[in-house]
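Visitor: fold the following and give me the result.
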Amino acid sequence: MNPRSIVPLVTALLFFGACSRPTDDPATSRGKAVQLTPPRPGPQYAVYEASILTLQQALAAGQVTSQQLVQAYLHRIEAYDQAGPAINTIVRLNPRALSQAAALDSERVVKGPRGPLHGIPILLKNNYDTEELPASAGSISLANAPPTHDGFIVARLRAAGVVILGTTNMMEFAMGITTNSSLGGQTRNPFDPARYPGGSSGGSAAAVSASFAAVAWGTDTCGSIRVPSAFNALFGLRPTKGLTSMTGIIPFCPSQDVAGPLARTMTDLAIALDATVALDPADPASARWAGKQLPRFVAALDTNALRGARIGMVKQLFGHGLLSQEVSDSVRAAVKRMRDAGAYVQEFSLPALEDQALAASTIAFEFRNAFNRYLSTRRAPVDSLGDILASGLFLAELQGDLMMLNSSPDTTSPGYATAMAKRRALQAQLQQLLTTNRLDALVYPTVRYEPMLIGNPQDDPNCEISANSGFPALSIPVAFTQRGLPVAMELLGAPLTDARLVAIGYAWEHLASPRRPPLFTPQLHDVTAPAPGSVSATITSDSMRATVRFVFDASTGTLEYHVNVKGISASDLLAVSLHQPPIGRENGPVIMRLAAPGQVNLKGSTVLLPLARVALHAGLLYVTVLTRQHPLGHLRANVPSPSTPVIPSISRAWTPSIHTPAPTS
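Guide: Predicted coordinates for the structure are as follows:
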């Protein structure tokens, strides 16, 4: 689609919705349902990586119904959430999703679409109040604590015509960035299921990245939208504090909590933001912006927004060790591309900024009382954080934190007043820096390290500066590491400049096309995951014949192999090995040993890393046989590509490269 056509199309949908929006919830409408003529039977509609606009165009053209979209997403969830790579994103599915979609389909025929979200399936983090699904914050202690009504954002989404597919897993009580909970278990990263998806909105992020819904909503207290967006190659905005309501969302720290969407494209993010950014009289944080012009996001999308943009790089927020070098170099290279596209870039040294932001955190003072007040509004089996601790119905790894939070000083303590004073000082410092230098945004890596293997500590997000100041920050994907894991940078702006950040992110997306789909959740073959593909590589020399048969499962990354060597004695066989393609050399290094000395007939399996998977799909891997007569690996054969889907844009997405730091001006 021509990027310049997006704004008029969405604007037309919004205008039509404003003229025709009904007052009744389609799920409970008392009007007579209209009998629809469904599209002719055919292959399952492909929702894989489909944008909101693509889905809306298909709905408008009668190529698909909202019911069929729901079913298509449910097929993907069935194939990959608990089966295959077992990404484990969903806490509960909405049993009314299909009936709600049917009502919206009927309404479309009678009244037309309400707007760009009409009939679009979405997901909500498990801390959003909805009529049909308990908000549990990932905890089994709240598994049976249904809200009495929708929260503010959910009500706005229903008015926009979405279909709520279900709720997604989160780090229990939002207390971390690994997305593990006693109710939902450990969510995994669809780019590598052995790694964390980020958090606390990791279920929402992994689900959207795996195309389980068009878009999903999360919350951010200190990085909980931005970190999972970074780890899943998504776009995620932490809005200016107060622009999105926290009414009807389980609190963690009211002075820091914000809500917002996570999306695969900037246009999807803008549509989702326009539907939910609104001042809520019941949310005290909204009062600050009463009478102000609120950001409008779709209208702000501009492919030329980088031209003349003024960006400040914060030196201290880039990693400086070996473990963070690849991420830092990737972000610096992205900033250089922005500069080449017309942005002004200046590097700043702010050695005290991170410590100042850390000192302005109020989580320890606010959580207990805010959480207990929320419980008092619910039909919950527990009345307080103390009750939950006594019950043992929580994740063991959080015990120390929960005990500390249950006994820490509250907002009446001198420590809280000190933290709030430091917050005001942080806000003044950031505002002065942005204003004096006429900066649109500060830029730095969203997280300084790539996603860690599950079981290891995951830290070093640059989350506090935005969270503890209330300033907006946008995470945008920029590159992939050598392991095929996403890298992202964060743009932080002044309050109410959210739309300007989104415009810059949209221009970057148009310039760099940074989004790539995960390898472990490929497009379905109709309604099921692709079947494993099998190939063979055969090497002959004199009387020797070596055959290696491979079977590859794309949804788990598992490569099974069967080695059979004939025509030589076992004592003459030194090794059989699988090699990655060469990079600037004649020979590529060993990915794994397939057979040890003397092993002429054996079977085994391994899980291929992302780069090796891409090379396998491209037919670039090769097998070598080492014998006493040929000990230098000259006996080799290429491994053909298995009969599994080709990964989109292999060369652009996964070609190995080492970035060098970019100069600044």
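
Visitor: now do the buried residues in the longest helix along the chain.
Guide: Counting residues, the longest helix found in the chain (DSSP state H) is helix 414-436. By neighbour count on 16 or more other Cβ atoms under 10 Å, the buried set for helix 414-436 is 416, 419, 422, 423, 426, 427, 429, 430, 433, 434. From N, CA and C alone the C-beta is placed, and that goes for glycine too.

Visitor: what about the strands in the stretch 201-350 of the chain?
Guide: 215-220, 235-238, 258-263, 310-314, 344-348 (DSSP state E, counting those that start in this stretch).

Visitor: ok now the shortest one, how far from the chain's centre?
Guide: Averaging C-alpha positions (Cα atoms, centre = their mean, to the nearest Å) puts strand 235-238 10 Å from its chain's average.

Visitor: tell me, how many residues neighbour residue 529?
Guide: Per other Cβ atoms under 10 Å, the neighbour tally for residue 529 reads 23.

Visitor: phi and psi next, for it.
Guide: When read as degrees, to the nearest 10, the backbone of residue 529 gives phi -70, psi 150.

Visitor: then residue 164?
Guide: Main-chain torsions, residue 164, degrees, to the nearest 10: phi -80, psi 110.

Visitor: with adjacent residues omitted, what lies nearest to it?
Guide: Leaving aside its chain neighbours, residue 164 sits nearest to residue 94 (5.2 Å; criterion: Cβ to Cβ, 6 or more residues apart in numbering).

Visitor: pretty sure that neighbour sits against residue 124.
Guide: No - judged on Cβ atoms under 8 Å, residue 94 makes no contact with residue 124 at a distance of 9.4 Å.

Visitor: quick check: neighbours shared by these two?
Guide: By Cβ atoms under 8 Å, 6 or more residues apart in numbering, residue 94 and residue 124 have these common neighbours: 133, 164, 166.

Visitor: what sits closest to the residue nearest the centre of the chain if chain neighbours are left out?
Guide: The centroid of the chain falls nearest to residue 205 when counting by Cα atoms, centre = their mean (2.9 Å). Once flanking residues are discounted, residue 205 sits nearest to residue 228: 3.3 Å by Cβ to Cβ, 6+ apart.

Visitor: and what of residue 330?
Guide: Residue nearest to residue 330 in three dimensions, not counting chain neighbours: residue 479, with 3.9 Å by Cβ to Cβ, 6+ apart.

Visitor: now for the helix or strand hosting that neighbour, which elements pack on it?
Guide: Here residue 479, judged by DSSP states H and E, is contained in strand 473-480. Counting contacts by 3 or more Cβ pairs under 8 Å, 6 or more residues apart in numbering; DSSP states H and E, strand 473-480 is packed against helix 226-231, strand 235-238, helix 322-340, strand 486-492, helix 498-512.

Visitor: make JSON lines out of these and add mean pLDDT and distance to residue 539.
Guide: Rendered in JSON lines, the data for these read as follows (pLDDT from 0 to 100; distance: least, Cβ to Cβ, whole Å):
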{"stretch": "helix 226-231", "mean pLDDT": "98", "distance to residue 539": "40"}
{"stretch": "strand 235-238", "mean pLDDT": "98", "distance to residue 539": "47"}
{"stretch": "helix 322-340", "mean pLDDT": "96", "distance to residue 539": "35"}
{"stretch": "strand 486-492", "mean pLDDT": "98", "distance to residue 539": "37"}
{"stretch": "helix 498-512", "mean pLDDT": "98", "distance to residue 539": "42"}
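
Visitor: quick one: closest of the ones you listed to residue 456.
Guide: helix 322-340 (11.5 Å; Cβ to Cβ).

Visitor: what are the buried residues along that closest one?
Guide: 324-336, 338-339.

Visitor: what sits against residue 444?
Guide: By Cβ under 8 Å, 6+ apart, the contact set of residue 444 is 313, 314, 317, 318, 331, 462, 489, 490, 492.

Visitor: residue 384 now?
Guide: Here residue 384 is in contact with 371, 372, 375 (criterion: Cβ under 8 Å, 6+ apart).

Visitor: got the end-to-end distance for stretch 440-451?
Guide: Chord length of stretch 440-451, first to last residue, is 29 Å (Cα to Cα, to the nearest Å).

Visitor: pLDDT below threshold where in the stretch 501-650 of the chain?
Guide: Within the stretch 501-650 of the chain, the stretches with pLDDT under 70 are 585, 643-650.

Visitor: make it 50
Guide: By pLDDT under 50, the low-scoring segments of the stretch 501-650 of the chain are 644-650.

Visitor: pLDDT at the residue nearest to the centre of the chain, what is it?
Guide: What the model reports for residue 205 is a pLDDT of 98.

Visitor: please begin residue numbering at 57 from this point
Guide: Happy to do that; since the first residue is 57 now, the last one works out to residue 261.

Visitor: wait, isn't it in contact with residue 246?
Guide: No - Residue 261 lies out of contact with residue 246 (Cβ under 8 Å); the separation is 9.3 Å.

Visitor: mutual contacts of these two, please.
Guide: Common contact partners of residue 261 and residue 246 (Cβ under 8 Å, 6+ apart): 253, 288.

Visitor: which strands and helices lie in contact with the helix or strand where residue 112 lies?
Guide: Following DSSP H and E, one finds residue 112 within helix 108-116. Judged by 3+ Cβ pairs under 8 Å, 6+ apart, helix 108-116 is in contact with helix 62-76, helix 122-136, helix 322-332.

Visitor: identify each buried residue in that helix, please.
Guide: Within helix 108-116, the residues that count as buried by 16+ other Cβ under 10 Å are 108, 109, 110, 111, 112, 114, 115.

Visitor: the last one: what's it in contact with?
Guide: Contacts of residue 115 were listed using Cβ under 8 Å, 6+ apart, and they are 121, 122, 125, 164, 169, 174, 175.

Visitor: adding pLDDT, neighbour count and distance to residue 562 as columns, could you present those residues in TSV?
Guide: As requested, the contacts of residue 115 are exported to TSV (pLDDT from 0 to 100; neighbours: other Cβ atoms under 10 Å; distance: Cβ to Cβ, whole Å):
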residue	pLDDT	neighbour count	distance to residue 562
121	98	23	30
122	98	28	27
125	98	25	25
164	98	22	28
169	98	23	23
174	98	27	23
175	98	27	24
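
Visitor: show me where the stretch 607-721 of the chain has its helices.
Guide: 666-673, 706-710 (DSSP state H, counting those that start in this stretch).
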